[in-house]
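J.: quick one, structure for this:
(one chain, ligands or ions: 2)
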Amino acid sequence: MIANPSQKYQPFAPIALADRTWPSRTITQAPIWLSTDLRDGNQALFEPMNVERKIRLYKELVRIGFKQIEVGFPAASQTDFDFVRRLIDEDLIPDDVSIMVMTQSREDLIDRTVEAVQGAKRAIVHIYNAVAPAWRKIVFNMSVPQVMELVQHHVSHFKKRADEHPEIEWTLQYSPETFSSAELEVSLQACHTAIEAWGVGPDRKIIINLPTTVENATPNVFADQIEWMHRHLVPREHIVLSVHPHNDRGTGVAAAEFAMMAGADRVEGCLFGNGERCGNVDIVTLALNMYTQGVHPALDFSDINGVARIAEECTALPVHPRHPYAGDLVFTAFSGSHQDAIKKGFGAQDPNGIWEVPYLPIDPADLGRTYDSVIRVNSQSGKGGISFLMEREHGVVMPRRMQVEFSAIVQRETDSSESEMTGDALWTLFDKNYLTTPACANAVVYHGHKLAEDGHHIELDVTINDERQKLQGQGNGPIAAAVDALGLPLRVDHYEERATGSGANAQALAIIEAAMDGTAGSTFGAGMSHNIVTASVQAVISVANRLNARGAGEFAPHTEAATA
Ligand code: KIV
Ligand code: ZN
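T.: Ligands and ions are numbered 1, 2, ... in the order given. A predicted model of the protein is given here:
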């Protein structure tokens with residue numbers, strides 16, 4: 001990079017439009033969408049689509065709801081010509097869908113294009129030529145009058161050919177290519193030349209398509225350009241004003257949104273922003289941005305994953321995992337505070353109310369996505385996400401302080417493994433820490449128990465220090481009796497028990513929080529069994545073992561001999 005880029009790059013001059021209205025407008029309805037996936041998108045692939053892949057993507061575009069689809073460049077490519085013929089000959093164009101075919105401004109190419117669409121009920125023919133100074137000067141060596149002559153000549157030529165086939169409902173689309181880099185007066189003159197040559201009127205519509213062939217300014221500049229054109233184009237009522245943003249500065253979506261506010265009726269783009277260089281504007285993002293503002297985009301993305309997979313298969317380009325709305329990770333939260341907020345948001349969300357889940361701009365269910373991947377656990381995660389997964393995947397609802405305790409255990413594990421932790425791995429960790437006897441000296445291994453009918457006396461069958469023993473205890477219930485049998489100065493602070501699973505698989509999960517006299521803090525233990533009392537006794541042993549493992553307690557069990 002050079003020290004002073006202003007010596008090499010010039011800012012694009014903003015246009016003088018003091019009374020611009022677009023900044024205070026909102027988008028209240030969907031534009032006419034044109035998918036150029038099969039033309040601009042296809043041109044930008046390492047390996048352009050063959051006819052079969054084009055048919056597959058075309059059918060998906062129709063299913064999504066596109067009413068205008070640019071299907072290719074039939075005069076320039078035999079594949080595109082054959083594809084257009086397949087669509088027409090196999091009657092694959094629904095009555096409410098129009099195909100668009102592109103041609104350069106050359107008589108023979110226009111003729112071949114007209115030939116390609118014979119038999120179609122309707123066709124939009126897209127004629128374009130570059131109008132900006134750099135192209136006039138460097139690429140074509142043409143003066144402005146020569147550019148106008150080119151437009152006039154070729155649009156008139158197309159009109160003559162179209163008039164020979166009145167059975168087809170023709171629409172002309174004229175694009176002053178490189179519009180965003182051109183002088184507005186020159187673009188306007190080129191558009192008016194096309195409008196006049198086509199003989200625009202109530203029954204002879206024209207689409208004027210204004211591209212950021214190369215995005216070269218902040219999106220407000222493009223919006224000003226569009227509002228200026230919107231005001232100057234005549235007869236505006238017979239013109240469909242279209243935009244075709246590219247994404248060289250990464251602001252294609254913003255440019256399209258501002259352009260709609262500035263008067264554009266129609267937007268051309270590609271699914272997931274495929275297209276030349278940094279892509280055409282991403283129609284998925286644009287449409288779903290609209291949806292999150294309460295405006296239906298008139299495109300169906302209720303199975304966004306399905307759309308992404310078809311687009312990936314047809315274009316051989318992956319959808320980025322963080323692609324807005326469609327990426328694999330966009331409904332996933334790793335960070336603890338986000339997980340906590342999302343968990344609370346799901347809990348508070350009224351199923352029929354306005355969507356208000358923190359950190360989720362859209363309900364994943366509206367896109368056919370599940371909540372499965374919303375919360376994932378790695379070293380950045382906190383108790384919210386961990387407990388969310390434990391609850392959703394294993395039916396384990398932990399008390400708040402246990403969530404804190406367990407999340408520290410998870411944190412240590414993910415810090416050392418440096419990897420994400422799945423729901424299954426979380427369960428393994430929970431099981432190892434709370435349900436399985438720890439491998440430490442003095443650990444109590446539970447084999448069984450007998451509870452007297454009065455519920456106040458218990459016999460624990462356990463192994464301690466490799467010695468199988470029967471411990472006797474009594475108290476006002478099985479928990480107090482089990483604590484007594486272990487002979488520990490253990491204070492039970494909290495007990496809860498819940499069912500996990502359902503039907504024959506239902507198990508009781510008992511959770512006990514206990515502290516030891518003379519030891520700071522408390523800890524948790526858990527037991528799981530089909531029998532509630534068994535789960536509770538196991539939870540007592542679990543918490544005793546955990547406290548013991550911390551070095552907090554010494555067992556002075558009440559053995560048979562001791563109590564006899
Ligand atoms: O990007 C562009 O300028 C184009 C035109 C042909 C519309 O694709
Ligand atoms: Zn383009």
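J.: closest to the centroid, which residue in this protein?
T.: For the chain, Tyr325 is the residue whose C-alpha lies nearest the centre (Cα atoms, centre = their mean; 2.2 Å).
J.: got the residues of the stretch 51-200 of the chain near ligand 1?
T.: Applying Cβ under 6 Å from any ligand atom, one finds that the stretch 51-200 of the chain approaches ligand 1 through Tyr128, Ser175, Glu177. No exception for glycine: its C-beta is placed from N, CA and C like everyone else's.
J.: so the first one sits against Gln104, correct?
T.: Right, the one you point to is Tyr128. Yes - the criterion here is Cβ atoms under 8 Å, and Tyr128 meets it with Gln104 at 7.1 Å.
J.: the two: which has the busier surroundings?
T.: Tyr128 (23 against 17; other Cβ atoms under 10 Å).
J.: element containing that one?
T.: Counting by DSSP states H and E, the element that carries Tyr128 is strand 122-130.
J.: quick check: mean pLDDT of that strand?
T.: Strand 122-130 comes out with an average pLDDT of 98.
J.: by contact count, what packs against that strand?
T.: Applying 3 or more Cβ pairs under 8 Å, 6 or more residues apart in numbering; DSSP states H and E, we find strand 122-130 packed against strand 98-104, helix 107-116, helix 144-163, strand 169-177, strand 206-212.
J.: now what about the longest one, what contacts it?
T.: Contacts made with helix 144-163 from outside it, assessed by Cβ atoms under 8 Å, 6 or more residues apart in numbering, are listed as 105-107, 110-111, 114, 125, 127, 129, 131, 136, 142, 168, 170, 172, 174, 186, 189-190, 193-194, 196-199.
J.: report the buried residues of it.
T.: Val147, Met148, Leu150, Val151, His154, Val155, Ser156, His157, Phe158, Lys159, Arg161, Ala162 (16 or more other Cβ atoms under 10 Å).
J.: what's the closest of the residues you listed to Ser181?
T.: Val147 (13.8 Å; Cβ to Cβ).
J.: that closest one and Gln225, how far apart?
T.: Distance from Val147 to Gln225, counting by Cβ to Cβ, to the nearest Å: 18 Å.
J.: next: Gly477.
T.: Taking Cβ to Cβ, one finds Gly477 at 79 Å from Gln225.
J.: over to Gln538?
T.: The spacing between Gln538 and Gln225, counted by Cβ to Cβ, is 73 Å.
J.: same question, Leu288
T.: For Leu288, the distance to Gln225 equals 26 Å [Cβ to Cβ].
J.: which one's more surrounded, those two?
T.: More neighbours surround Gln225 than the other of Leu288 and Gln225, with 25 against 22 (other Cβ under 10 Å).
J.: these two touch, right, that one and Ser181?
T.: No - using Cβ under 8 Å, Gln225 makes no contact with Ser181, being 10.3 Å away.
J.: leaving out sequence neighbours, find the closest residue to the closest residue to ligand 1 within the stretch 1-150 of the chain.
T.: Across the stretch 1-150 of the chain, the shortest distance to ligand 1 (Cβ to the nearest ligand atom) belongs to Tyr128, at 4.2 Å. Excluding the flanking residues, the one nearest Tyr128 by Cβ to Cβ, 6 or more residues apart in numbering is Ser175, at 3.9 Å.
J.: quick one: pLDDT of that neighbour?
T.: Note for Ser175: predicted pLDDT of 98.
J.: ok, Gly448 next?
T.: In this prediction Gly448 is given a pLDDT of 96.
J.: tell me what it is bridged to.
T.: Going by DSSP bridges, Gly448 is paired in beta bridges with Asp461.
J.: mind checking pLDDT for Ala326?
T.: At Ala326, pLDDT is 94.
J.: same check on Gly252?
T.: For Gly252, the model assigns a pLDDT of 98.
J.: and the closest residue to it other than its chain neighbours, what is it in contact with?
T.: The shortest distance from Gly252 to any non-neighbouring residue, by Cβ to Cβ, 6+ apart, is to Val281 (3.9 Å). If you count contacts by Cβ under 8 Å, 6+ apart, Val281 has them with 244-247, 252-253, 255-256, 267-270, 273.
J.: in JSON lines: the residues you listed, plus secondary structure and neighbour count.
T.: As requested, the contacts of Val281 are exported to JSON lines (DSSP: H, G, I helix; E, B strand; the rest coil; neighbours: other Cβ atoms under 10 Å):
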{"residue": "His244", "secondary structure": "strand", "neighbour count": "30"}
{"residue": "Pro245", "secondary structure": "strand", "neighbour count": "32"}
{"residue": "His246", "secondary structure": "strand", "neighbour count": "24"}
{"residue": "Asn247", "secondary structure": "coil", "neighbour count": "24"}
{"residue": "Gly252", "secondary structure": "helix", "neighbour count": "28"}
{"residue": "Val253", "secondary structure": "helix", "neighbour count": "21"}
{"residue": "Ala255", "secondary structure": "helix", "neighbour count": "27"}
{"residue": "Ala256", "secondary structure": "helix", "neighbour count": "32"}
{"residue": "Val267", "secondary structure": "strand", "neighbour count": "24"}
{"residue": "Glu268", "secondary structure": "strand", "neighbour count": "31"}
{"residue": "Gly269", "secondary structure": "strand", "neighbour count": "32"}
{"residue": "Cys270", "secondary structure": "strand", "neighbour count": "28"}
{"residue": "Gly273", "secondary structure": "helix", "neighbour count": "26"}
